[in-house]
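Engineer: The sequence and its predicted three-dimensional model are supplied below.
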Amino acid sequence: MRPTGRSGALLGVKVIAAAMSLAIVIGSGVAWTIYRDFTSNVSVISMDGPLDANGNPVADVDGKDLNILIVGDDSRAGATQEELDELGTTDAGGGENTDTIMVMHVPASGEAASVMSFPRDSWVEIPGHDYGKINSAFNYGKQDAGGDDSGGATLLGQIIYNLTGLKMDHFIKIGMLGFLRVSKAIDGVDLCLNNDMGLKQDSDAEHPEGYTGIDLKAGWNYGVQGHQAVAFVRQRHGLVSDISRIQRQQYFLSAAFRKIEGKGFLLNPLKLRDLVTAVSSSLTVDKGLKGTKLLSLATQMSALTAGNLTFITAPNNGGGYRDDIDLDVVTLDEDQLRKDVATFIGHPDAYTSAAPAAPGSFSVKVVNDTDGSDAGNTAIAALTALGFKATAQASPDVSASTSIQYPQGKEAQAKALAAVVPGASVVASDVSQVTLVLGNDRARVGAPTAGGGGSAPTGSGSTPAADPGPDVRTADAADCID
């Protein structure tokens with residue numbers, strides 16, 4: 001029997017593949033009976049929204065756009081003996097750690113979507129549990145709720161909000177068994193590797209028999225499914241880091257997405273039935289996606305194709321050992337993460353079309369959330385010199401990054417302020433007036449820039465930018481990978 005490794009089969013793509021497959025299936029007009037069978041098999045839980053520092057519900061900064069928290073664990077509940085043999089384990093249960101964590105942002109138009117992956121070893125603050133790896137948060141929340149998955153979904157959603165400022169609208173979880181079955185239902189995918197991957201790369205002195213049983217050759221491997229599909233997205237040994245595995249997860253998802261949308265797959269009722277059965281066998285969703293609400297989501301996403309599905313990874317240090325905690329962890333670059341999120345969810349139409357207002361036509365509230373006491377007064381003096389009217393507001397908080405927050409209808413004013421605060425993110429929120437929140441990233445008031453400056457703002461009706469950074473890939477990419 002092959003060992004399952006420290007955390008079992010770590011199957012990143014399984015959840016997204018299932019969710020996207022479902023969306024396309026329903027959007028294509030598949031027989032209602034197939035859809036009915038699907039919804040009757042899906043587990044449903046509740047998920048509470050995140051709270052701010054004062055315990056109040058947070059504003060949804062991107063309006064009608066959707067943010068879907070998608071996680072995967074190594075559950076094998078319901079597996080047959082044949083499937084357990086294929087997975088190389090006798091354990092029909094599996095762990096509770098969510099070793100795949102992704103956020104999918106779907107604009108209200110449904111014409112594009114972005115997926116951001118979070119490394120499983122990201123070292124984060126877990127409310128009520130000090131600091132820990134992000135993949136342990138779901139289990140902590142579940143335990144706090146007396147074994148209810150709702151607690152896990154709520155706690156993980158709170159952590160993602162704390163990191164990104166995004167409220168999760170929906171939750172989807174799928175187990176390892178679901179991924180195994182999905183890979184078979186679509187007759188596998190074509191994968192191209194830069195190097196051979198077999199026992200030599202997948203073993204060490206502790207496990208000379210290998211960890212995953214991967215056996216794929218350099219170059220193209222056609223129709224990869226079942227155990228080899230699991231091994232491809234699960235492999236840790238022989239790769240540079242956990243980030244390499246995330247890249248594989250995104251790569252496999254891209255290949256699966258192309259397979260599903262091509263070659264008449266959606267017109268084959270037998271294949272659709274197999275896919276629906278495979279997806280629903282291990283799927284859990286929040287109450288907001290119960291029953292016909294899944295159909296509504298699918299309709300919204302019906303225009304999505306491989307070419308406008310974009311993947312990025314939360315910015316990080318690549319992982320490594322930290323002496324202060326005696327662990328190998330991934331440290332997120334939270335300042336850059338906030339800026340990447342602004343690009344990730346895109347430009348709202350109202351902000352994009354707005355012409356900057358005259359500096360003296362509105363008042364700016366300046367909040368000093370830096371470690372220094374003079375930053376607020378310095379900003380007010382600089383704004384006044386540029387013709388703005390500004391007032392100060394005391395704050396006990398400390399922010400990592402500088403942001404411009406504005407209420408709906410004040411896009412023109414926010415755009416004018418963004419032009420003189422290079423590097424600030426622009427965020428639609430529930431503030432009463434345009435507000436400059438100064439953070440420790442040293443973004444400061446300066447000379448006006450053309451076009452309204454600032455990082456990409458957030459808001460309703462957004463469309464993700466095509467290329468927010470060097471680590472972006474789209475689902476129609478078919479290159480080779482390590």
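Structural biologist: Looks like it arrived, so ask away. Residues are numbered from 1 along each chain as shown.
Engineer: which stretch of helix or strand covers residue 227?
Structural biologist: helix 226-234 (DSSP states H and E).
Engineer: Which of the residues in that helix are classified as buried?
Structural biologist: The neighbour-count check on helix 226-234 (16 or more other CB atoms under 10 Å) flags 227-234 as buried. The C-beta positions use only the backbone N, C-alpha and C, and glycine is treated the same way.
Engineer: Farthest-apart pair in those, please.
Structural biologist: 227 and 233 (11.5 Å; CB to CB).
Engineer: that older thread, can you tell me which of the buried residues of helix 226-234 lies closest to residue 203?
Structural biologist: Among those, and counting by CB to CB, the member closest to residue 203 is residue 231, at 12.6 Å.
Engineer: and that closest one, what does it touch?
Structural biologist: 202, 212-216 (CB atoms under 8 Å, 6 or more residues apart in numbering).
Engineer: that older thread, same list, the buried residues of helix 226-234, but as a markdown table with pLDDT and distance to residue 286 please.
Structural biologist: Converted to a markdown table, those look like this (pLDDT from 0 to 100; distance: CB to CB, whole Å):
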| residue | pLDDT | distance to residue 286 |
| --- | --- | --- |
| 227 | 87 | 31 |
| 228 | 90 | 32 |
| 229 | 87 | 27 |
| 230 | 83 | 26 |
| 231 | 85 | 31 |
| 232 | 87 | 29 |
| 233 | 82 | 24 |
| 234 | 78 | 26 |
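Engineer: Next, residue 238: phi, psi?
Structural biologist: phi 90, psi -10 (degrees, to the nearest 10).
Engineer: Tell me how far it lies from residue 212.
Structural biologist: Distance, residue 238 to residue 212, by CB to CB, to the nearest Å: 9 Å.
Engineer: Likewise for residue 113?
Structural biologist: From residue 113 to residue 212 the distance is 30 Å (CB to CB).
Engineer: same thing with residue 480?
Structural biologist: Counting by CB to CB, the gap from residue 480 to residue 212 is 20 Å.
Engineer: Those two: who's more crowded?
Structural biologist: residue 212 (28 against 13; other CB atoms under 10 Å).
Engineer: Over to the more buried one: give its phi and psi.
Structural biologist: Torsion angles, degrees, to the nearest 10, at residue 212: phi -110, psi -20.
Engineer: I'd like to know how far the closest residue to it other than its chain neighbours sits from residue 275.
Structural biologist: Spatial nearest neighbour of residue 212, chain neighbours left out: residue 231 (4.0 Å); criterion: CB to CB, 6 or more residues apart in numbering. Computed as CB to CB, the residue 231 to residue 275 distance reads 21 Å.
Engineer: picking that back up, for residue 412, state which of the buried residues of helix 226-234 is nearest.
Structural biologist: Of the buried residues of helix 226-234, the one sitting nearest to residue 412 (CB to CB) turns out to be residue 233, at 46.3 Å.
Engineer: In this structure the closest one contacts residue 245, no?
Structural biologist: Yes - using CB atoms under 8 Å, residue 233 makes contact with residue 245 at a distance of 7.2 Å.
Engineer: How confident was the prediction at the residue of the chain positioned farthest from its centre?
Structural biologist: For the chain, the largest distance from the centre (CA atoms, centre = their mean) belongs to residue 385, which lies 41.3 Å off. Looking at residue 385, its pLDDT is 93.
Engineer: Against residue 365, how distant is it?
Structural biologist: 18 Å.
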